[in-house]
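[1] Model the structure of this input:
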Amino acid sequence: MTTLCFRHSAFAGHVTPAGHPEQVARLAAVDAGLAGLDLRFEDAPLAADAEVLRCHPQAYLDRLRAAVPASGFAQVDGDTYLSAGSLDAAFRAVGGACAAVDAVVAGTARNAFVAARPPGHHAETETAMGFCLFGTVAIAAKRALDHHGLSRLAIVDFDVHHGNGSQDLLWHEPRALFCSSHQMPLYPGSGSPREVGAHGQIVNLPLRDGSGGGSMRAGYEAVIFPRIAAFRPELILVSAGFDAHADDPLAGLEWQAEDFAWLTHRICDLADTFCHGRVVSCLEGGYDLPALTASVAAHVGVLQERSR
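    The predicted structure is shown next:
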């Protein structure tokens, strides 16, 4: 058994204005990181509306559909844009994440990586923001809980920016432990340790600018990993943002590719202990293209190694 990887040509149909960091070229950088790995590739399916509606109301979906331009761009937030192909890409990002959950829960794959864009962890219940349209990982979590009947799952979000959208969408969900490490202060401004969710099931680990991989490792060992172990999840979902890398232009945590490899190994350790190795990882940020290639290779390389 090896790692299942979802891709689709539609992800290149989400086009952003020239100079925007969340660019189509990220896909080639991700593919370069996957090259040479022994993965099983599948096309990400198109999610049904019902999947998106697990987390977002119909009125929000209607508003986004009405905003899609026939050509050019529609700006829906200060840094978030729609092009003609954006919703198809976003629906396939959700579809890939849900299909990955289905495969891993069914046991046809031990773990999975969803190489999709646009990212999702900033999208709140009725707000597109931070390059994100739908809360992809939160939707996948709800599918695991409500469709597959899991009792508990954990989400690890190691994107350099706080996953405010996932936190918002899962604030009242006692079956989902949401853990985020992120640079603070930084966009979007949320992510204080005081933000704990309606049931105490949200864990925020702010990290200082320039703190490096050593501080991250210490923080995870002291704060996040013990909470996951105590929660005993039946599945671990990952919001895999690689913009904490030292070369990324949008932040300054100064991680290296080996830090992502270490973190992935430790997540897999917990998955092996509590949930038969079941991990589903979804691409979030990462905007320096060579760093994105190296970080994806490190992360998915570990998933492949641990899938055997």
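
[2] Tell me which stretches of the stretch 1-150 of the chain form strands.
    Ranges of strands within the stretch 1-150 of the chain are 4-7, 40-43, 74-77, 80-82, 111-114, based on DSSP state E, counting those that start in this stretch.

[3] Pick the most buried one from the ones you listed.
    When you average the neighbours per residue for each of the strands of the stretch 1-150 of the chain (mean count of other C-beta atoms under 10 Å), strand 111-114 leads with a mean of 29. Where you see a C-beta, it was placed from the backbone N, CA and C, and this is true even at glycine.

[4] Under the pLDDT cut-off, which ranges of this structure? List them.
    Within the chain, no stretch falls below the threshold (pLDDT under 70).

[5] Just give me the residue right at the centre of it.
    With distances taken as C-alpha atoms, centre = their mean, residue 239 lies nearest the centre of the chain, 2.5 Å away.

[6] Surely that residue is in contact with residue 165?
    No. Using C-beta atoms under 8 Å, residue 239 is not in contact with residue 165; the gap is 9.7 Å.

[7] Next, the contact list for residue 226, please.
    For residue 226, no contacting residues are found, by C-beta atoms under 8 Å, 6 or more residues apart in numbering.

[8] In which helix or strand does it reside?
    For residue 226, the host element (DSSP states H and E) is helix 225-231.

[9] The helix or strand following that helix - contacts with which helices or strands?
    For helix 225-231, the following helix or strand on the C-terminal side (DSSP H and E) is strand 236-240. Applying 3 or more C-beta pairs under 8 Å, 6 or more residues apart in numbering; DSSP states H and E, we find strand 236-240 packed against helix 136-142, strand 153-157, helix 257-274, strand 279-283.

[10] who wins for proximity to residue 25 among the ones you listed?
    Set against residue 25 and scored by C-beta to C-beta, the helices and strands packed on strand 236-240 come closest in strand 279-283, at 13.9 Å.

[11] What strands flank that closest one, and is each parallel or antiparallel?
    Next to strand 279-283 in the sheet, as set by DSSP bridges, lie strand 111-114 (parallel), strand 236-240 (parallel).

[12] Give the other helices and strands that the helix or strand just after that strand contacts.
    Sequence order places helix 289-306 as the next helix or strand after strand 279-283, per DSSP H and E. Helix 289-306 makes packing contacts with helix 25-34, strand 111-114, helix 257-274, strand 279-283 when contacts are defined by 3+ C-beta pairs under 8 Å, 6+ apart.

[13] for the last one, the distance to its chain's centre please.
    Centroid separation for strand 279-283 versus its chain: 6 Å, with C-alpha atoms, centre = their mean, to the nearest Å.

[14] can you give me the angle that strand makes with strand 153-157?
    Interaxial angle of strand 279-283 relative to strand 153-157 (axes from the mean of the first three to the mean of the last three C-alpha atoms, to 10 degrees): 30 degrees.

[15] Tabulate the CA atom coordinates of strand 279-283 in PDB.
    Provided in PDB are the C-alpha atoms of strand 279-283 (Å, rounded to 0.1, in the frame of the first residue of the first chain):
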ATOM      1  CA  VAL A 279      -3.700  10.500   7.800                       C
ATOM      2  CA  VAL A 280      -5.200  12.800   5.100                       C
ATOM      3  CA  SER A 281      -3.100  15.900   4.200                       C
ATOM      4  CA  CYS A 282      -4.400  18.800   2.100                       C
ATOM      5  CA  LEU A 283      -2.200  21.500   0.600                       C
END
